[in-house]
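> I need the structure of the sequence given here:
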Amino acid sequence: MLDTRYIAEEAREDLMERGFARRDLARIAAVFGVGMAAASVGRPAWASGGVPDPAPTAKVRIGANECWTGPLLPGQLAAKNIVANGNRYAPRDERSDFIKAVMSVEGVPFDHVAPWPGSSDPLSRTVVTFCSPTRGLVTADPTFELAGRTAEWLNAPVKRVPLTPDYTHDVKAMLAADPNAGLYYICTPNNPTGTITPLADIEWLLENKPADAVVLVDEAYTHFAGVPTASYLAAKRKDVIVMRTFSKIFGMAGMRMGYIMTDPVNIAKMMRYDGGMQSGALPLPSLACATASLTAAPLIAARRAEMQVARGIALDHLKARKFDVKPTSANMFMIDWKTKPAKDMQAAFRTQSVEIGRSWPIWPTVSRITVGSKAEMIAFCQALDKIWV
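From the prediction side, this is the model:
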């Protein structure tokens, strides 16, 4: 059994005041003690759904929403320089350098930024901080599941609300589903649909939700979309958290870097369970790589344009073959196979050494496809023509 002393006394008192029983503390300790695997029902909490890649040697791997290539060159060089000075605990104040880079790009104050080794920890940590047995979570369906899994792990109420007909978050239905929720989770662009929820809708939710509830805006895929972001909300409001990761367009999935932007009071609340141990455990090569990559605007734009070309090749081929493909603004798209289960199509693609993505329970005949390189998307189309006759 996990030692609940891992949770700071101040946080224990807060949890009890919010309706958690003493027996719940072990589950909460699991989130911070043995990692997000516990909170996601025994599975790691990556965008792949936590399922280990069943085809690590596949010629085409377009199933886990990873970038088709590695970190941007400035990031690689910065990481290399840090490795050369790996004998030092901190060659310089890399954490502050990173936060200053975020400030320059996003226009948020220094104390509104908290870096993390990835985004899974702060996502689950937000649920622990703002949900309880009496104040639940509202999320979309389908969307990235970690928030919902964490809430269920904590025995907090969860309401899952279907997307709108154009696959955005239905914020009015989300509020109606639980007018007294503690946390409303919005992933935009959404995983798995790649669709964008308008900032005006997020603003409406902020203005109409309970005053003490929080809105978590997960913008993991925003650089692929190239649209205005919610960071301005984090700079002026106390009830919104904006989350980012370097696992997507920056090609750093294996390097584990992410950050949140929010009022410093929220950061302090989120860190009190374990003293912010995870936030402090930042690998310096990853931190340096992220800092150098974040400000490389021309390279980010070029990588986004490269993705759009590769995506266009696949979408044009699918449309020519009359497949039902849902609209997208990110590095993924959804195909409805109509008459065939998505799991069967995934198995069929594996016979061609092509690993496509998974499906969601609400759409059992729909597969998520990650946009890879131009060559990978051509290979995907060729494999499709072989298995769909």
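> just for this protein, where's the confidence low?
When the per-residue scores of the chain are filtered using pLDDT under 70, the ranges that remain are 1-6, 33-56, 275-280.
> give me the most central residue, it.
Nearest to the geometric centre of the chain sits A220, at 4.7 Å (C-alpha atoms, centre = their mean).
> where does the nearest residue to K269 once chain neighbours are set aside fall, secondary structure wise?
If you skip the residues right next to it in sequence, K269 has T129 as its closest partner in space, 5.2 Å away by C-beta to C-beta, 6 or more residues apart in numbering. (Glycine included, C-beta is placed from N, CA and C.) Taking DSSP states H and E as the criterion, T129 maps to helix 120-130.
> so how far is L163 from G194?
Applying C-beta to C-beta, to the nearest Å, the value for G194 to L163 is 12 Å.
> more neighbours, the two?
Neighbour totals were compared for G194 and L163, and G194 leads with 25 against 20 (other C-beta atoms under 10 Å).
> ok, now which ones touch the more buried one?
Counting by C-beta atoms under 8 Å, 6 or more residues apart in numbering, G194 touches Y221, F224, P327, T328, S329, A330, N331, M332, F333, M334.
> am I right that it is in a strand?
No: assignment of G194 by DSSP: H, G, I helix; E, B strand; the rest coil gives coil, placing it outside any strand.
> any idea how far it lies from G107?
26 Å.
> which stretches in the stretch 201-350 of the chain count as helices?
For the stretch 201-350 of the chain, the helices identified by DSSP state H, counting those that start in this stretch occupy 222-225, 231-236, 264-271, 277-280, 284-294, 297-320, 342-350, in order along the chain.
> so which of the ones you listed comes closest to A200?
Each of the helices of the stretch 201-350 of the chain was checked against A200 via C-beta to C-beta, and the shortest separation belongs to helix 231-236, namely 11.5 Å.
> now do the buried residues in the closest one.
Across helix 231-236, burial judged by 16 or more other C-beta atoms under 10 Å covers S231, Y232, L233, A234, A235.
> and stretch 195-208, C-alpha only, in CSV?
Listed next in CSV are the C-alpha coordinates belonging to stretch 195-208 (Å, rounded to 0.1, in the frame of the first residue of the first chain):
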residue,chain,number,x,y,z
THR,A,195,-10.8,20.1,-34.5
ILE,A,196,-10.6,23.6,-32.9
THR,A,197,-13.0,24.9,-30.3
PRO,A,198,-13.4,28.6,-30.9
LEU,A,199,-11.9,30.9,-28.3
ALA,A,200,-15.3,32.7,-28.1
ASP,A,201,-16.8,29.4,-26.9
ILE,A,202,-14.1,29.0,-24.2
GLU,A,203,-14.7,32.6,-23.1
TRP,A,204,-18.5,31.9,-22.9
LEU,A,205,-17.8,28.9,-20.6
LEU,A,206,-15.5,31.0,-18.4
GLU,A,207,-18.2,33.6,-18.0
ASN,A,208,-21.0,31.2,-17.2
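> and for that stretch, what's in contact with it?
The list of residues contacting stretch 195-208 from outside it, by C-beta under 8 Å, 6+ apart, reads 163, 166-169, 171-172, 174-175, 184, 186, 188-190, 215, 217, 225, 227-228, 230, 233, 237, 239-240, 326-329.
> what separates the residue lying closest to D218 once chain neighbours are set aside from H169, distance-wise?
Of all residues not flanking D218 in the chain, C187 sits nearest, at 4.3 Å (C-beta to C-beta, 6+ apart). If you measure C187 against H169 using C-beta to C-beta, the figure is 8 Å.
> give me the common contacts of those two.
Common contacts of C187 and H169, defined by C-beta under 8 Å, 6+ apart, comprise A140, T143.
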